[in-house]
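# Have a look at this prediction, sequence included:
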Amino acid sequence: MAPTATSETEALHVTEHSVTVAAPPAAVYALVADVTGWPQVFGPTVHVEVLEEAPAEGGDQLLRIWAVAGDKVRTWTSRRLLDPVARTITFRQVVTAAPVAAMGGEWRITGLEDGTTRVTLLHDYRAVDDDPAAQELIEAAVDGNSRAELLALKNTAELGDAREELHFTFSDSETVFGAAGDVYAFLDRADLWPERLPHVARLDLTEDEQGIQHMDMDTRSPDGSTHNTTSVRVCFEDRETIVYKQLRVPVAMAGHTGRWVIESLGDGTVRATSWHTVTLDPEGVRTALGPEATLAEARALVRRSLGTNSSTTLRHAKQFAEEARAQS
C-alpha cells in the first residue's frame, strides 16, 4: 500500500514487517479483525472502542485506540476497511496524535502451501511539520510496536483451541447507597490507595494527560510478601468507568486487563463492578506453582487473588461513598 509521491505524500515514510504463523489464515485474520480482544493479544494496546461497527461480510469500521508508544500512552481514531475474503484490513488514522501528522497501513494475511500463514503489516506515516526528530520517534515506535504485535499475534494464534482454557473473564460487584461520583472519585484517586486500602503497600501515579494514568504499585499478600505491578489506566469521568491494562504481570499470567464500571440502579443506589480478563502463561504457571500444577488450579488461584483485592477495593469505595452521603 505504498503511496505515490506527490507534493502531499512525498514526505510519507513506508515500512513493512512480516511473520510466519503456524496457524490457519482464517484464525489469524479473526484475531486481527476482533479489535475488542487486542488488549489481551497485543502488548502495546491498552484499550479499543468500536465507534462504528463493520458488517459481518466486511466493510468500514471506525475505532478509537489507546496504546503505549515509547513511554507514553497515545490515542487516535482510525477507520478500517475489512475484507474477510481477501483477508486484508486497511487502516487510516482520521484523528491523529502529535507528533504524527498522518498514519495508515494494511494487514495482509496469506495462506501458504504448507498450511502456515504469512502476515505482512505495512505502515505509511508522516511527522508533524516533517520534523526529523519526530520522524525518528515515530519510526522507532512503529518498528517496536509492529515487531511486538506480530510476535504476539504469532504466539496467540499458535495456541489454537488451547487458548480457550487459558483465557477467562470474571467480575465482583458491590451495591452502594451513595453517589456514583463519589465511588468514581475513590477509584480515580489511586494515589491515595496506600492510605485507604490495606493491601496496597506503595503506589506511584503519574499522568501523561488528564485521565491517562500510569501506576507502579506494590501489593501486599496475606503472607506479608509484596509483589509489584505496573499498569496504565484510561479514566472516563463522564461515563464513571475506568479501564486498565497491566504492563507488568505476575509470572503465571501472559496478560491482564480490567475495568471498573459504576451503574445507577435508579433507586438512589449504584452498582460498582470490577471486571478482570486474564490470559494464563502455561510455562509461568509451572514456574509459579510447580511442574504438576494444572490450569484449573491456576485459574482458581488467580480468581481468588485478584477477586480478593478488587472486592476489598470495592468495599472501601462503598464505605467512602456512603459516608459522604451521610455527611451531606
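Sure thing, it's come through.

# what distance separates stretch 98-110 from the middle of the whole chain?
Mean-position distance between stretch 98-110 and its chain equals 19 Å (CA atoms, centre = their mean, to the nearest Å).

# For that stretch, give the mean pLDDT please.
Averaged over stretch 98-110, pLDDT sits at 94.

# before we move on, what SS does residue 184 have?
Here residue 184 takes the helix state, with states given by DSSP: H, G, I helix; E, B strand; the rest coil.

# wouldn't it be in contact with residue 237 here?
Yes: here residue 184 reaches residue 237: they are 6.7 Å apart, a contact under CB atoms under 8 Å. C-beta coordinates here come from the backbone N, C-alpha and C atoms, glycine included.

# Which stretches in the stretch 1-150 of the chain count as strands?
With strands called from DSSP state E, counting those that start in this stretch, the stretch 1-150 of the chain shows them at 13-21, 45-52, 59-69, 72-83, 88-95, 100-111, 117-127.

# still on that earlier bit, looking at residue 184 and residue 237 now, which is surrounded by more residues?
More crowded of residue 184 and residue 237, by other CB atoms under 10 Å: residue 184, with 23 against 13.

# Run through this structure and note the low-pLDDT ranges.
Along the chain, segments meeting pLDDT under 70 span 1-11.

# Tell me where the longest helix sits in it.
Of all the segments of type helix in the chain, defined by DSSP state H, the longest one is helix 295-327.

# what's that one packed up against?
In terms of contacts (3 or more CB pairs under 8 Å, 6 or more residues apart in numbering; DSSP states H and E), helix 295-327 is packed against strand 167-176, helix 180-188, helix 193-196, strand 253-264, strand 270-280, helix 282-289.

# Save these as JSON lines, and put in distance to residue 209 too.
JSON lines is the format used below for the helices and strands packed on helix 295-327 (distance: least, CB to CB, whole Å):
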{"stretch": "strand 167-176", "distance to residue 209": "29"}
{"stretch": "helix 180-188", "distance to residue 209": "14"}
{"stretch": "helix 193-196", "distance to residue 209": "21"}
{"stretch": "strand 253-264", "distance to residue 209": "20"}
{"stretch": "strand 270-280", "distance to residue 209": "24"}
{"stretch": "helix 282-289", "distance to residue 209": "33"}
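
# Which one of the ones you listed lies nearest to residue 143?
Ranking these by proximity to residue 143 (CB to CB) places strand 253-264 first, at 22.2 Å.

# Please work out which residues outside the closest one touch it.
39-41, 166, 180, 183-184, 187, 240-246, 249, 270-281, 284, 302, 306, 310 (CB atoms under 8 Å, 6 or more residues apart in numbering).
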